[in-house]
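structure for this input, please:
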Amino acid sequence: MRDSGDVRFIGEVESADETSTIKIYPEYCPGLLGIKEYSHLFVLYWMHMRDDDHHRRTLQVTPPRHEGAPLTGVFACRSPSRPNPIGLTLVELKGIDGCRLEVTGLDALEDSPIIDLKPYSARGCSVPDARSPEWSRRGPPT
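Residues are numbered from 1 along each chain as shown. As a prediction, the model looks like this:
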């Protein structure tokens, strides 16, 4: 078993606001073929502001944006402090201009490296009877 692997960043968050821009590097732009057919995408990104030994060693947190949340393992919440600072967010694709995607709902910071994009499929991604702890239903959606 390997202790590490290579991650190739395919782009970066160019602007992060209500509507955000994701810039895909030219060598990966051909991978966008057909993506405009989807209304929503999963964006995997590198939480570069948490890529240090302290945050990578953090295994338990009390989620601060969820009132009443208990001490929780980082694999049971969406803390940005974790062994591999990989973020995942579901965005709505608003438009494409060349290698730039205009999206809403992105919770990454400006300059965050993009790891991957995956299309949302209601048939494969929706879980109508999914369960989650009560504390996670309070606060922000992420």
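
can you give me the strands in this structure?
11-15, 19-24, 40-46, 60-61, 72-73, 86-97, 100-104, 113-119 (DSSP state E).

can you give the strand pairings for the fifth one, parallel or anti for each?
For strand 72-73, the paired strands and their directions (DSSP bridges) read strand 60-61 (antiparallel).

same check on the first one?
Strands adjacent to strand 11-15 in the sheet, as given by DSSP bridges, are strand 19-24 (antiparallel), strand 113-119 (antiparallel).

let me see the contact set for the most centrally placed residue in the chain.
Residue closest to the mean C-alpha point of the chain, counted by Cα atoms, centre = their mean, is L88 at 2.2 Å. Neighbour list for L88: 42-45 [criterion: Cβ atoms under 8 Å, 6 or more residues apart in numbering]. (Glycine included, C-beta is placed from N, CA and C.)

and those residues, which are buried?
Neighbour counting over the contacts of L88 (16 or more other Cβ atoms under 10 Å) leaves 43-45 as the buried ones.

quick one, which of the strands of the chain is nearest to L33?
strand 86-97 (10.7 Å; Cβ to Cβ).

return the distance of the closest one from the chain's centre.
9 Å (Cα atoms, centre = their mean, to the nearest Å).
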